[in-house]
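> Show me how the following folds:
(one chain, ligands or ions: 1)
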Amino acid sequence: MATADVGLTTTKAPFIEQAQQSGQTYIEQPYELYSEENQETWRRLYERILPKWRKFANSRFMHGLEVLHLKPDGIPRLDDINHFLAPLSGFKAKAVSGYVPAYLFFDCLRQRSFPTTITIRDGQTLDYLPEPDIFHDVAGHVPMHTDRVFSDVLVRFGEVARFAAERANGLAGDEKEHVRCLESNIKAMARFFWFTVEFGLIREGDGLRAYGSGLLSSLGELEHSLTSPAVQRYPIQMEWVINQYFEIDHYQPLLFIVDSFDHLFGLVDELEQWLKDGKLDNVSPGEPAVNAEDLKSFMEA
Ligand SMILES: [Fe+2]
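Residues are numbered from 1 along each chain as shown. All right, here's what the predicted structure looks like:
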């Protein structure tokens, strides 16, 4: 099979497997490797979701699509995106070969880099994501990074993660207890990130809109999140979010609402204060599990 036919399909891309095997996390986007089927998948995803964005996405996202010149025609080149993005917020999309351990991920945000998946989901299963893909990362996340306040939220979040690492590594005494606290801190941060950056809702003018990228990149869940009576939607509360477990394998039954991105920024400040006060050291058990690699990334920070 010619290389071009193999393509860059999620979980089926030899280029990505090779990069992972050789320990390369940060890569270039090998644009010529996208197959015609990959390009067709992007077109179909974009065309189908566009009317839903118009109804359910927040206005900053819609503006972001425009200023980044994101189009349905084909998979975007990260260099082109970055050309438009950098002057707006200093952010850039940085291609990665796959999973980035938690601390490194958050630390990239602090430095205004967004680790970006370059593979695209299988065209046979458009609404199923075994892992993030370029449609989730570039069409779901990156338009939000054009907004100055939202991008500052991500940077601030990266600072909280750095503070968590410094705190854990600077404590004297019982090491086992420090690891337990760090694990609880990471769980709290992951929950906060999930219920805001990935699945957040925002109050806007006449109603609610989505700003979370998990919603913005899902053909089915975007509309469901805002119209289904099965979804509970509540004003965000710190004590609830950090103690609330979540599962990734089905539509979210519970979502939280912010009033504005300034409000969200204030919440990240509050998250840091809670961390300093030790209020994230004993969050409720349950999902998400903190894996060994995530823990290690914080301990080695
Ligand atoms: Fe995401």
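
> can you count the residues close to residue 285?
Burial of residue 285 is recorded as 11 neighbouring residues (other CB atoms under 10 Å). Yep, even glycine has a C-beta here, placed from its N, CA and C like the rest.

> max-length helix in this protein?
When the chain is parsed with DSSP state H, its longest helix is helix 148-170.

> per-residue confidence for residue 3?
The model reports residue 3 with a pLDDT of 46.

> Show me where the stretch 1-150 of the chain has its helices.
Taking DSSP state H, counting those that start in this stretch, the helices of the stretch 1-150 of the chain run over residues 3-6, 14-21, 36-56, 59-67, 78-89, 102-110, 134, 148-170.

> Next, the buried residues of stretch 55-72.
56, 57, 58, 60, 61, 64, 65, 68, 70 (16 or more other CB atoms under 10 Å).

> swap in stretch 196-204?
Buried residues in stretch 196-204, counted by 16+ other CB under 10 Å: 196, 197, 198, 199, 200, 201, 202, 204.

> cool, stretch 132-150 as well?
Buried residues in stretch 132-150 (16+ other CB under 10 Å): 132-147, 150.

> before we move on, what about stretch 160-173?
Buried, per 16+ other CB under 10 Å, within stretch 160-173: 160, 161, 162, 164, 165, 167, 168.

> what's the answer for stretch 211-219, then?
Buried, per 16+ other CB under 10 Å, within stretch 211-219: 211, 212, 213, 214, 215, 216, 217, 218.

> Using PDB, list the CA coordinates for the longest helix of the chain.
Extracted C-alpha coordinates of helix 148-170, given in PDB (Å, rounded to 0.1, in the frame of the first residue of the first chain):
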ATOM      1  CA  ARG A 148      -7.800  36.800  24.900                       C
ATOM      2  CA  VAL A 149      -9.600  36.200  28.200                       C
ATOM      3  CA  PHE A 150     -10.200  32.500  27.400                       C
ATOM      4  CA  SER A 151      -6.600  32.000  26.400                       C
ATOM      5  CA  ASP A 152      -5.500  33.700  29.700                       C
ATOM      6  CA  VAL A 153      -7.700  31.200  31.500                       C
ATOM      7  CA  LEU A 154      -5.600  28.400  30.000                       C
ATOM      8  CA  VAL A 155      -2.300  30.000  30.900                       C
ATOM      9  CA  ARG A 156      -3.600  30.600  34.500                       C
ATOM     10  CA  PHE A 157      -4.600  27.000  34.700                       C
ATOM     11  CA  GLY A 158      -1.100  26.000  33.700                       C
ATOM     12  CA  GLU A 159       0.200  28.200  36.500                       C
ATOM     13  CA  VAL A 160      -2.000  26.400  39.000                       C
ATOM     14  CA  ALA A 161      -0.600  23.100  37.800                       C
ATOM     15  CA  ARG A 162       2.900  24.400  38.300                       C
ATOM     16  CA  PHE A 163       2.100  25.600  41.700                       C
ATOM     17  CA  ALA A 164       0.700  22.100  42.500                       C
ATOM     18  CA  ALA A 165       3.900  20.500  41.400                       C
ATOM     19  CA  GLU A 166       6.100  22.900  43.400                       C
ATOM     20  CA  ARG A 167       4.000  22.500  46.500                       C
ATOM     21  CA  ALA A 168       4.100  18.700  46.300                       C
ATOM     22  CA  ASN A 169       7.800  18.600  45.600                       C
ATOM     23  CA  GLY A 170       8.700  21.200  48.300                       C
END
